[in-house]
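*Asks:* Build me a model from this:
(chains A, B, C and D)
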Number of protein chains: 2
Amino acid sequence: MTRVLVVDDDPQLLRALKINLAARGYTVLTAPDGTRALHVAAHDQPDVIVLDLGLPDLDGADVITGLRGWSTTPIIVLSARTDSGDKVEALDAGADDYVTKPFGMDELLARLRAAVRRATTHSGAGEAVVHAGSLDIDLAAKQVTRDGVVVHLTPTEWGILELLARHQGKLVTQRQLLAEVWGPHYRNETNYLRVYLAQLRRKLEPDASHPRHLVTEPGMGYRFTP
Amino acid sequence: MTRVLVVDDDPQLLRALKINLAARGYTVLTAPDGTRALHVAAHDQPDVIVLDLGLPDLDGADVITGLRGWSTTPIIVLSARTDSGDKVEALDAGADDYVTKPFGMDELLARLRAAVRRATTHSGAGEAVVHAGSLDIDLAAKQVTRDGVVVHLTPTEWGILELLARHQGKLVTQRQLLAEVWGPHYRNETNYLRVYLAQLRRKLEPDASHPRHLVTEPGMGYRFTP
DNA sequence: TCGCGGCGCTAAGAATGCGTCAAGATCGGT
DNA sequence: ACCGATCTTGACGCATTCTTAGCGCCGCGA
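*Replies:* I've put the predicted structure just below:
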């Protein structure tokens, strides 16, 4: 069953889309703002995302960028703005399609089918386990094992590790981590990161004081290196 | 270089598209009708196809079906018909996107970029790496390697290198660098640049006193030459 | 030939960011 | 209401990084 994540702050529209999509046999997930959209996307891995711009908390382009860092899930943007600049911005940020409101339900459904078709014909099964030394991180099961033994992580610890593992090899800025794990208001609380990274290293690294996987890039952020 | 096949029976529009696309660095192929479009597509294997509906010889949906039989090249449909039924038909036949005339050139170009990006990131490895001699600059991972070894850069050093590498070959003025890396208030502190460029050269250049990549343009700024 | 501005280079003090520890505060289940 | 787990908050020492100043070189024009 195809799973669609619909992100919109208008309960009316959300409901209308939910009914229409469910009637066509889609499984519908919803989120009312950007922060929760990112959470749901990471947690439930939908097959396609319908994203309304003009969300209350985050800028539309930021939501797209936040998703594109680790996911290639098709994104269809909805917007009331017909301005061509907005379209260009959203598409260049990584959106797959852009539909202006008011839209025909038939058209949206057709674009949805097109997006899903592309994604399924192009990509095989995405790998959900990241290996790193004696560490195995199962992103789908949300579980980490070290030398085969399960390591217990708190929700916050997992949030950080997941984000880093999804971007493995890439640098993740402190702001990115704080915004994704704690929320957009915590962007300057770099304190938290120091505490939690130390905790993660204590649990995961062979030698916590000389980290091999959870590497600090001073002044910039952190990097997970397999 | 990205190759675009434009299919349209209107010579005016064909010419306009050709000029605009060529100006953006695309290689442009053209076809005036469906039959020749299929031939060119089979023969030259373009990276993306812009297809006008309402061709003189074949029905639009038939052209799409004809292409989709053997190719997964992205197809962007142009049409004067705003009717939602046409859109649904074209998209379900296998088109990737549908743009109604009259359209903004900016929007079309953005949708073109989106289509090409999808196609390349899904199949090939979409890497954002700048190579220069024994230097590899990974802009996404924010990491530099020299002869395969990772070179550690401070945030400021990286800020400068990133800006220069993104504009590789082009001259970047001192004001530009200072404003982007330090902030708009530091536009006259050319001192900083001297210090940091020296540091970067020491870390990255084979012979720091005879720079090959980080070149000074006296009185103007700096240039990164691969 | 001389003076001048722009650049490369070095080095030291100042400022910032990080790891660490430990003690409250909060949450959630019994 | 209690208790353990988890999250927040503050403080300290240390290392790195940034800022700033000073000197010498080179090319250019007077």
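*Asks:* can you list the residues that contact the helix or strand of chain A with the lowest mean pLDDT?
*Replies:* In chain A, no helix or strand scores lower on mean pLDDT, DSSP states H and E than helix A:34-44, which sits at a mean of 82. Outside of helix A:34-44, the residues within contact range by Cβ atoms under 8 Å, 6 or more residues apart in numbering or on different chains are A:3, A:5, A:7, A:29, A:31, A:46, A:49, A:51, A:55, A:57-60, A:62-63, A:66-67, A:70-71, A:73, A:162, A:166, A:180, A:183-184. To be clear about C-beta, it is placed using only N, CA and C from the backbone, and glycine gets the same treatment.
*Asks:* what does stretch A:170-178 give?
*Replies:* A:66, A:69, A:160, A:163-164, A:186-190, A:192-193, A:217, A:220-224, B:140-143.
*Asks:* Try it again at 10 Å.
*Replies:* Stretch A:170-178 has contacts (Cβ atoms under 10 Å, 6 or more residues apart in numbering or on different chains) with A:65-66, A:69-70, A:159-160, A:163-164, A:166-167, A:179-180, A:184-194, A:196-197, A:215, A:217, A:219-225, B:138, B:140-143, B:158.
*Asks:* one step back: using CSV, write out the CA atom coordinates for the least confident helix or strand of chain A.
*Replies:* This file holds the C-alpha atoms of helix A:34-44, laid out as CSV (Å, rounded to 0.1, in the frame of the first residue of the first chain):
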residue,chain,number,x,y,z
GLY,A,34,7.2,21.5,9.4
THR,A,35,8.8,20.2,12.5
ARG,A,36,6.3,17.3,12.9
ALA,A,37,6.5,16.7,9.1
LEU,A,38,10.2,16.0,9.5
HIS,A,39,9.6,13.7,12.4
VAL,A,40,6.9,11.7,10.7
ALA,A,41,8.9,11.5,7.5
ALA,A,42,11.9,10.1,9.4
HIS,A,43,9.8,7.8,11.5
ASP,A,44,7.3,6.4,9.1
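*Asks:* Next, the buried residues of it.
*Replies:* Buried residues in helix A:34-44, counted by 16 or more other Cβ atoms under 10 Å in any protein chain shown: A:Gly34, A:Thr35, A:Arg36, A:Ala37, A:Leu38, A:Val40, A:Ala41, A:Ala42.
*Asks:* Please state the offset of that helix from the chain centre?
*Replies:* 6 Å (Cα atoms, centre = their mean, to the nearest Å).
*Asks:* ok so, going back, what about the contacts of helix A:34-44, which are in strands?
*Replies:* Using DSSP state E, the subset of these located in strands is A:Arg3, A:Leu5, A:Val7, A:Leu29, A:Ala31, A:Ile49, A:Leu51.
*Asks:* ok, A:Arg194 - contacts?
*Replies:* A:Gln174, A:Thr216.
*Asks:* Looking at it now. What's its pLDDT?
*Replies:* For A:Arg194, the model assigns a pLDDT of 95.
*Asks:* go on, A:His122?
*Replies:* On the pLDDT scale, A:His122 gets 58.
*Asks:* Sketch out the low-pLDDT regions of chain A for me.
*Replies:* Counting by pLDDT under 70, the low-confidence segments of chain A come to A:121-127.
*Asks:* what do you get if the cut-off is 80, keeping everything else the same?
*Replies:* Residues of chain A meeting the criterion pLDDT under 80: A:42-44, A:69-70, A:119-128, A:140, A:184.
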